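Peer 1: I'll drop the sequence and a predicted model, then ask my questions.
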Amino acid sequence: MITSADNEKLKTIRKLQQKSWRTKLGLFSAEGEDLVDAAAAAGHEPALVLRAGEDVDPDLLDAVSTLGSGTRVIGVYEQRWVDPAGEVLVYLHGVEDPGNVGAIIRSAHALADATVVLGPGCADPYSPKAVRASMGSIFARPPARAAVDALDGKKLALDATAERQLRDVDVAGPVVLVLGSERGVLPEGLEAVRIPVHADSLNVAMAATVALYEVANRMAADG
């Protein structure tokens, strides 16, 4: 059992809290039994796993946790990036909050079995906050990286000021839902659509979830 804070495995987990080290090592950490189980279900073999009381002193595991006390297990995994493909894609442009990125990965997986494509200015999907927010979907549906122009399909930019509503647009065939931050600027030349709401706007993760539900259900009905 690990009983020293200077252990190399613990040092690696500490490093992975920083994006520069995640990029350099090509690894990321996942905390908690649910995420470690989700990784196993998706066939992701860990680079290392530390369980409190079995592999490492519980206080030492807590010390390298981003959750604080009570961490029972931390796994370290290789980052996976996929090619964007499928009937539905979600392209994110300048979404800086890692919690939103992770939540959108979760919704894309749950509602449309879709891949999230990261454009410029987005938060790291393999940051601890994004991994937690994905609730394991980061393992089942890893993200992609690409320019929006390189994606095939009808590109629908969700814009609260657009005239046309999403429900009035044909979504047959491949569809790319394009979302940005609430105050950001979306790429030009896309078909702008809106989700009708009674408030000023929706959080980007909520907007993605509503749009994915709409598009996936209409595609299923047409299919």
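Peer 2: Structure received. Every value quoted in this text rests on a predicted model; they were computed, and no experiment measured them. Residues are numbered from 1 along each chain as shown.
Peer 1: mean confidence for the helix or strand hosting A192?
Peer 2: Of the helices and strands defined by DSSP states H and E, A192 is found in strand 191-193. Per-residue pLDDT values over strand 191-193 give a mean of 94.
Peer 1: ditto for stretch 77-95
Peer 2: Stretch 77-95 shows a mean pLDDT of 97.
Peer 1: for that stretch, buried residues please.
Peer 2: Using 16 or more other CB atoms under 10 Å as the test for burial, stretch 77-95 gives 77, 79, 84, 86-95. For every residue, glycine as well, the C-beta is placed using N, CA and C.
Peer 1: farthest-apart pair in those, please.
Peer 2: Y77 and E87 (27.6 Å; CB to CB).
Peer 1: where in the protein is pLDDT low?
Peer 2: Within the chain, the segments meeting pLDDT under 70 span 182, 184, 223.
Peer 1: can you list the domains in it?
Peer 2: As given by automatic domain parsing, the domain ranges for the chain are 8-78, 88-222.
Peer 1: would a markdown table of those with distance to M1 be doable?
Peer 2: Formatted as a markdown table, the domains of the chain follow (distance: least, CB to CB, whole Å):
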| stretch | distance to M1 |
| --- | --- |
| domain 8-78 | 6 |
| domain 88-222 | 24 |
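Peer 1: what's the most buried one of the ones you listed?
Peer 2: Per residue and on average, the most neighbours among the domains of the chain fall to domain 88-222, with a mean of 19 (mean count of other CB atoms under 10 Å).
Peer 1: any idea how far that one is from the middle of the chain?
Peer 2: Relative to the centre of its chain, domain 88-222 is centred 11 Å away, using CA atoms, centre = their mean, to the nearest Å.
Peer 1: again, but for stretch 63-75
Peer 2: Remark: stretch 63-75 is offset 21 Å from the chain centroid, using CA atoms, centre = their mean.
Peer 1: mind checking the end-to-end distance for it?
Peer 2: Start to finish, the residues bounding stretch 63-75 are 15 Å apart (CA to CA, to the nearest Å).
Peer 1: which residues does that stretch contact?
Peer 2: By CB atoms under 8 Å, 6 or more residues apart in numbering, the surrounding residues in contact with stretch 63-75 are 5, 10, 13-14, 17, 29-33, 35-36, 39, 46, 48-52, 61-62, 128-129.
Peer 1: mind redoing it with 6 Å?
Peer 2: With contact meaning CB atoms under 6 Å, 6 or more residues apart in numbering, stretch 63-75 is reached by 10, 13-14, 29-31, 33, 36, 46, 49-52, 61-62, 128.
Peer 1: ok, back up a step: elements contacting the strand holding A192?
Peer 2: Packing contacts for strand 191-193, counted by 3 or more CB pairs under 6 Å, 6 or more residues apart in numbering; DSSP states H and E, involve strand 154-158.
Peer 1: and the strand it packs on, which strands flank it?
Peer 2: Within its sheet, strand 154-158 is paired with strand 175-180 (parallel), strand 191-193 (parallel), according to DSSP bridges.
Peer 1: hey, C-alpha coordinates of stretch 179-196 in PDB?
Peer 2: Only the C-alpha atoms of stretch 179-196 are listed here, as PDB (Å, rounded to 0.1, in the frame of the first residue of the first chain):
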ATOM      1  CA  LEU A 179     -23.500  26.100 -30.200                       C
ATOM      2  CA  GLY A 180     -21.400  28.700 -28.600                       C
ATOM      3  CA  SER A 181     -21.200  30.600 -25.400                       C
ATOM      4  CA  GLU A 182     -24.100  32.900 -24.500                       C
ATOM      5  CA  ARG A 183     -22.200  36.000 -25.300                       C
ATOM      6  CA  GLY A 184     -19.900  34.500 -28.000                       C
ATOM      7  CA  VAL A 185     -20.000  34.900 -31.700                       C
ATOM      8  CA  LEU A 186     -20.800  31.800 -33.800                       C
ATOM      9  CA  PRO A 187     -19.100  31.000 -37.100                       C
ATOM     10  CA  GLU A 188     -20.600  32.800 -40.100                       C
ATOM     11  CA  GLY A 189     -22.400  31.300 -43.100                       C
ATOM     12  CA  LEU A 190     -24.600  28.900 -41.000                       C
ATOM     13  CA  GLU A 191     -28.300  28.500 -40.900                       C
ATOM     14  CA  ALA A 192     -29.400  30.200 -37.700                       C
ATOM     15  CA  VAL A 193     -32.300  28.700 -35.700                       C
ATOM     16  CA  ARG A 194     -33.700  29.300 -32.200                       C
ATOM     17  CA  ILE A 195     -35.400  27.400 -29.500                       C
ATOM     18  CA  PRO A 196     -38.500  29.400 -28.300                       C
END
